[in-house]
Structure formats: structure tokens, C-alpha cells
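Based on what follows, work out the 3D shape:
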Amino acid sequence: QVQLVESGGGLVQAGGSLRLSCAASGGTFSTYSMAWFRQAPGKERESIATVSRTGGRTYYADSVKGRFTISRDNAKNTVYLQMNSLKPEDTAVYYCAAGRFIIMGLMVRPDDWGQGTQVTVSS
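Numbering: from 1, shown residues only. Take a look at the predicted model:
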């Protein structure tokens, strides 16, 4: 099991940017596919971005494609989510997730979760 700790959330105006980070410990980071999910109030948790073990493949939900970028630094055991052109509908709790499997699309059922970080976008 890997422990995941997110940081970087906060309040931002529409059109602004934020970068989320997720630090992993307790496992061999490079063997995990990594992902970001989010959950808005009253809605189901959704998978929005996934990156392969090496970082060579990335996948995005249509709702964030072209605005968000997922990346990872295996030397630092960290995955990032760069969020640009933020919209009020991006307001949610954002979760980092890890999967001990090869991914060929958006991650659906992670093995491990972080505790989440709040992102609020004001209009």
C-alpha cells in the first residue's frame, strides 16, 4: 500500500491556474499508474486524468482536456496536476490515486487514495 498526500489546493478566480501535487511514500512509485479524481458537492467522484508508470502516456476526461496536464517525477515520488483556465464548475475536492496495474485509459478503480484537497473557483 502506498500513502498519498495532496497539496496545492485553494481558492482561485475563474480563468486562473493552480498546480496540485501528490507525494507518495511507502511503495515503489515507478510501479504505480497514477491518477487524479475529483468530486463536486452532490456528484459522484470522477476520474479526470491518468498517467502511466513512466509518464509516457496520459489520458484525460473531456471536461478537462486541453486545460489540465498530469505529469509525474519518479525521482521525487510525486505526481502533479497543472490546472489552467479554471472554471467555477471545476470546484471540487481533488483526490490523488494509485493503481498497481498498467493503464490503457482513464483509471477507474485505484488501489490507494489520498485524503483530498479542496479547489474552489470563484466566478
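
can you list the weak-confidence ranges in this structure?
Residues of the chain meeting the criterion pLDDT under 70: none.

mind listing the strands in it by residue range?
Remark: strands of the chain, listed N- to C-terminal, are 3-7, 10-13, 18-25, 33-39, 46-51, 58-60, 68-73, 78-83, 92-99, 112-113, 117-122; assignment by DSSP state E.

what comes up buried for the fifth one?
To tie it back to what came earlier, the one meant is strand 46-51. Ser47, Ile48, Ala49, Thr50, Val51 (16 or more other CB atoms under 10 Å). Just so you know, the C-beta spots here come from the backbone N, C-alpha and C atoms, and that holds for glycine as well.

Name the strands paired with that strand and say parallel or antiparallel.
As defined by DSSP bridges, the strand partners of strand 46-51 come to strand 33-39 (antiparallel), strand 58-60 (antiparallel).

same check, this time on the second one
In the sheet containing strand 10-13, the strands it pairs with under DSSP bridges are strand 117-122 (parallel).

Next, the angle strand 3-7 makes with the strand it pairs with.
Strand 117-122 and strand 3-7 are oriented at 20 degrees to each other (axes from the mean of the first three to the mean of the last three CA atoms, to 10 degrees).

okay, strand 117-122 in PDB with CA atoms only?
Listed next in PDB are the C-alpha coordinates belonging to strand 117-122 (Å, rounded to 0.1, in the frame of the first residue of the first chain):
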ATOM      1  CA  THR A 117      -7.500  18.800  -1.400                       C
ATOM      2  CA  GLN A 118     -10.200  21.400  -1.900                       C
ATOM      3  CA  VAL A 119     -10.200  23.500  -5.100                       C
ATOM      4  CA  THR A 120     -12.700  26.400  -5.300                       C
ATOM      5  CA  VAL A 121     -13.000  28.500  -8.400                       C
ATOM      6  CA  SER A 122     -14.900  31.800  -7.900                       C
END
